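>>> need the 3D shape of this:
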Amino acid sequence: MTELLVVLKNGGNSELAEHISNPLTSAVFKKYELVLSDNDALNFIVDNFNLLESGGDKLEAHQLEAILEQEIELYHHEQMIPVKAITALTEVMPSFGIIAAVMGMNITMMYIDQEPLIIGEKIGAALYGTLLGIFFAYGIFYPIAYILTKMADQKRDYLTVILSFIMSVREKHNLFIAAEIARKKVLPAKRISREDLRNKVASISKGQ
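Predicted coordinates:
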């Protein structure tokens, strides 16, 4: 994003438009394979830079920010759809386990006059159904839902950082201020130091 601001500063809107209109062939975007491989992030960048070029910069700052935040929430909502389905399975699987146990006990009653060993086998089979229900709920589906939720939250945080850069373009902040505002949006544990950021921005500004 900082490099796009450098392009805007040095080459103006026309040169920036070349990179935005053809991101897959852009020399700037090609440096960042993670961005190119992330369709949501790439579309968010391209669409909203095009929005600014189309007159979006004439919107009040709070209006533009609200539009971008709503778009991020739509991305997040879309990613959470499978999470909700898997969470529903997590909630229902113990019930299936209980049903299996009840059915197993009913079958066991048919063998109530048999040897204790046979009755024990039937009871064990009934309890095994309960174990499977709990295992699938909390051993498989819950961890999957947790991981997908974490990924969706990370994507939302990532897009929020991009949002701050887009707002900086709208506000015409200088490179370091734009990068510093974005740094403030990163989780403290993953945030680079202010000095490292300053050095990185200086390096990009010099084309290194």
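>>> quick one: neighbours of Ser95, just the number.
11 (other Cβ atoms under 10 Å). (Glycine included, C-beta is placed from N, CA and C.)
>>> in which helix or strand does it reside?
helix 61-109 (DSSP states H and E).
>>> which helices and strands sit right next to that helix?
helix 39-53, helix 116-135, helix 142-171 (3 or more Cβ pairs under 8 Å, 6 or more residues apart in numbering; DSSP states H and E).
>>> dump these to TSV, plus mean pLDDT, distance to Ala100 and mean neighbour count.
Rendered in TSV, the data for those read as follows (pLDDT from 0 to 100; distance: least, Cβ to Cβ, whole Å; neighbours: other Cβ atoms under 10 Å):
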stretch	mean pLDDT	distance to Ala100	mean neighbour count
helix 39-53	87	41	17
helix 116-135	83	3	15
helix 142-171	92	19	17
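>>> tell me which of these sits nearest to Ser203.
Distance to Ser203, taken as Cβ to Cβ, is lowest for helix 142-171 among the helices and strands packed on helix 61-109, at 17.4 Å.
>>> and the next element down the chain from that closest one?
helix 175-184.
>>> tell me the buried residues in that following helix?
For helix 175-184, a neighbour-count test (16 or more other Cβ atoms under 10 Å) marks 175-176, 178-183 as buried.
>>> okay, the angle between the helix or strand just after it and helix 175-184?
The helix or strand immediately downstream of helix 175-184 is helix 194-205, counting by DSSP H and E. Helix 194-205 runs at 130 degrees relative to helix 175-184, counting by axes from the mean of the first three to the mean of the last three Cα atoms, to 10 degrees.
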